[in-house]
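Asks: pasting the structure only:
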Ligand code: ZN
Ligand code: ZN
């Protein structure tokens, strides 16, 4: 199963949606070996999409939309053969004979195939994660997509739904000692999937141009699919969740975690090294926060006795700083107003060259993308949809929120933190990185790009802006950046503690509400998320740490000749590649 794409989080950009400005061939081949490798890549991607129609559709390649892969033994054998054959072909290339661009692609493809083999044969999440199977989600994408006219989309949906019975029969047969948490998630997500097969789909069928016979057939197939989904939900609820199943722990343990970390993140650090680095960084952040809070205390807490306990002192100052925030109905506007300021700051301080021909469009998050609470995200055109705009989606506060909920959210994204968020998501964070990635045109990097590099860059961009004087180097903005950065740092800590060291919910909540300065609700959400994913929570901190370390290495090497703009532009010029490979290429010069 290829379920390794990073989930779309409120503030995260999945690497697989990054785009490329060229859809066809990569840069002109430098050598005969490069020409041969380019031909291989082109064919590989087409074959990969046929093998993985769902991944193809989410990357914007819609030739195989009508296919539903049945997760059977036969399919797993076919996947294994595909992996073996392509690893064999890759083995025929000599790495040194390829251009730097192709060397990175070689690494990405090799890692992808090895990961798939490991997921299938060793991690075996296809056995223990019942949420791996959800027909509704893929039908929803087809129904809401606009690349084909409605009739064609409905015909694809019809072909897909014809396989629903076989699909869920194979899913049930696969489930062996699931985790309780993933079984519950499977119920919840398939109930959501059932909704996709409901009124909106029926309505689309009604107003479509399909013939009466086609409509009838499609309605039958929808009914069949509904029954199949309901059957699966019933199976999970009755046979799995309530019959005293022998559940496995959601904790995958050290051996699997270490290997998954290596395959998912492709860092030069091991999981254990990152865990240690995160703990050291946590101490550094706390030290910096204590220092700044002590300086700010007299200004914001006039006349009050300064708390002796550092954590309490920091919290008290933060509680004052977060009082400054946008009004409830002015949140989207506050974001919009900041974008030109960020663009200007980057230009005035010569941090990197920007491309005014590719403007970022700030908009309210469209209705079909809302629902995960308010938030912000960047939507980039996929590798096959290159002419589309890049959007910065900002979700207005839901009208259903109580005054207390709204206040808590607005304080979380107070005037200081909101600027940091905009740097992260937009300029010079995710959006800027994407613009650069497009200039290193490689379909492979667009499709198999490295999430830790993408997130690491956005976090690095926040720090780089502040170091360059954004926010006037004030204690206020640095203190809130420290708090913000503490979140990704502790994400890496708790990911490891939970998955490999048996940490309890109480321990994790205590850590996050203590040194993390988080609210209890946020801490409990994090616990819940950490029981359902492994390694993903470590990606931000790892990418960020690798980039900062690389910058220090380059600084040391270049001495007084070091130039921040050159570093930034060169770093971004390789596309969304793992930092370890960018490092090899940058230090080789
Ligand atoms: Zn991000
Ligand atoms: Zn307020």
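Replies: It's in. Just so it is clear, the structure is predicted and the values come from calculations on it, not from any experiment. Ligands and ions are numbered 1, 2, ... in the order given.
Asks: What ranges does this structure have for its strands?
Replies: Assigned by DSSP state E, the strands in the chain fall at 360-364, 376-379, 390-394.
Asks: Check which residues of the second one are buried.
Replies: Of the residues in strand 376-379, those buried by neighbour count under the rule 16 or more other Cβ atoms under 10 Å are 376-379. Any C-beta I mention is one placed from the backbone N, CA and C, and that applies to glycine too.
Asks: other SSEs contacting the longest helix seen in the chain?
Replies: The single longest helix within the chain, with elements called by DSSP state H, is helix 271-300. With contacts taken as 3 or more Cβ pairs under 8 Å, 6 or more residues apart in numbering; DSSP states H and E, helix 271-300 sits against helix 253-265, helix 310-321, helix 475-500, helix 539-558.
Asks: Would you mind giving those helices as a markdown table with distance to residue 280, mean pLDDT and mean neighbour count added?
Replies: Compiled in a markdown table, the helices and strands packed on helix 271-300 are given as follows (distance: least, Cβ to Cβ, whole Å; pLDDT from 0 to 100; neighbours: other Cβ atoms under 10 Å):
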| stretch | distance to residue 280 | mean pLDDT | mean neighbour count |
| --- | --- | --- | --- |
| helix 253-265 | 18 | 98 | 19 |
| helix 310-321 | 18 | 97 | 19 |
| helix 475-500 | 10 | 98 | 23 |
| helix 539-558 | 10 | 97 | 20 |
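Asks: ok so, going back, for the record, mean pLDDT for the longest helix of the chain?
Replies: Here helix 271-300 scores 98 as its mean pLDDT.
Asks: Pull the distance from it to the chain's centre.
Replies: Here helix 271-300 is found 26 Å from its chain centre; the criterion is Cα atoms, centre = their mean, to the nearest Å.
Asks: hmm, back to that, any chance of CSV for the helices and strands packed on helix 271-300, columns distance to residue 108?
Replies: Formatted as CSV, the helices and strands packed on helix 271-300 follow (distance: least, Cβ to Cβ, whole Å):
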stretch, distance to residue 108
helix 253-265, 12
helix 310-321, 40
helix 475-500, 23
helix 539-558, 15
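Asks: Now tell me what touches stretch 235-253 from outside.
Replies: 123, 128, 130, 172, 175, 177-184, 186-187, 190, 260, 498-500, 502, 531-532, 534 (Cβ atoms under 8 Å, 6 or more residues apart in numbering).
Asks: Any of these buried? List them.
Replies: 123, 128, 130, 175, 178-179, 181-184, 186-187, 190, 260, 498-500, 531-532, 534.
Asks: In helices only, show me these.
Replies: 128, 181-184, 186-187, 190, 260, 498-500, 531-532.
Asks: Tell me which two of those sit farthest apart.
Replies: 190 and 500 (29.9 Å; Cβ to Cβ).
Asks: What residues sit buried inside stretch 83-93?
Replies: Result for stretch 83-93 [16+ other Cβ under 10 Å]: buried residues 83, 86, 90, 93.
Asks: Give me the residues contacting it.
Replies: Taking Cβ under 8 Å, 6+ apart as the rule, stretch 83-93 contacts 33, 36-37, 40, 44, 47, 106, 109-110, 113-114, 116-117.
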